[in-house]
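Q: let's see this in three dimensions:
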Amino acid sequence: MRILGIDPGSRLTGYGIIEETGRGYTYIASGSINIKADYFPDRLKQIFDSIVEIVERYQPEQMAIEQVFMHKNADSALKLGQARGAAICAVQTTGLPVFEYAARQVKQAVVGKGAADKIQVQHMVKMLLNIQGELSLDASDALGISICHAHYQQTALRLQRGMLK
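A: I've put the predicted structure just below:
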């Protein structure tokens, strides 16, 4: 199964795509959408258009995205929520199912500690996917979201199989 992970942001949105094979993960692609526009609705459109292009290019089967958490600044949280909404709407136009995970869930799945920092997530993502060289924090967070989703899907499948026996 090919999974697209999204780490939303109103200025920088990370994306990461992995292939879950049942025996592990294969790195497909990752990067960041650098939003250039100053006018906020234009930023949302750029996120939307870029996600549509990524989906068309890499053909993921599912999308996972980080849930919004409350910042100290409510305005920042609202902008993050809108950026997240633009990404979700872009994927919904293609019919892909969308799954949401809290930041703590992602960190727990990737690092084994829900309070891990971004550098720890980046390190583990690079190890799990055998990535050599540079990897931006936004891209590693998005790949971490993909890995988290794969873990949850595998667990659900195992539970389902166990209940069927």
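Q: so which residues of the protein form helices?
A: For the chain, applying DSSP state H gives helices covering 40-58, 74-92, 103-111, 118-128, 137-164.
Q: and the nearest residue to Leu143 once chain neighbours are set aside, what does it touch?
A: Excluding the flanking residues, the one nearest Leu143 by C-beta to C-beta, 6 or more residues apart in numbering is Gly16, at 3.3 Å. Quick note: C-beta positions are derived from backbone N, CA and C, even for glycine. By C-beta atoms under 8 Å, 6 or more residues apart in numbering, Gly16 lies in contact with 4-5, 7, 29-30, 125, 139-146.
Q: neighbour count for those residues - can I get that in JSON lines?
A: Formatted as JSON lines, those follow (neighbours: other C-beta atoms under 10 Å):
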{"residue": "Leu4", "neighbour count": "29"}
{"residue": "Gly5", "neighbour count": "32"}
{"residue": "Asp7", "neighbour count": "26"}
{"residue": "Ala29", "neighbour count": "14"}
{"residue": "Ser30", "neighbour count": "23"}
{"residue": "Val125", "neighbour count": "28"}
{"residue": "Ala139", "neighbour count": "23"}
{"residue": "Ser140", "neighbour count": "26"}
{"residue": "Asp141", "neighbour count": "28"}
{"residue": "Ala142", "neighbour count": "30"}
{"residue": "Leu143", "neighbour count": "33"}
{"residue": "Gly144", "neighbour count": "31"}
{"residue": "Ile145", "neighbour count": "34"}
{"residue": "Ser146", "neighbour count": "32"}
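Q: related to what we said a few turns ago, just name the most buried of the helices of the chain.
A: helix 103-111 (a mean of 20; mean count of other C-beta atoms under 10 Å).
Q: report the distance from that one to the chain centre.
A: 12 Å (C-alpha atoms, centre = their mean, to the nearest Å).
Q: likewise for stretch 98-108?
A: With C-alpha atoms, centre = their mean, you get 9 Å for stretch 98-108.
Q: so what's the residue count around Asp38?
A: 7 (other C-beta atoms under 10 Å).
Q: for it, give me phi and psi.
A: When read as degrees, to the nearest 10, the backbone of Asp38 gives phi -90, psi -40.
Q: now do it against Phe99, distance only.
A: Distance of Asp38 to Phe99, computed by C-beta to C-beta, to the nearest Å: 32 Å.
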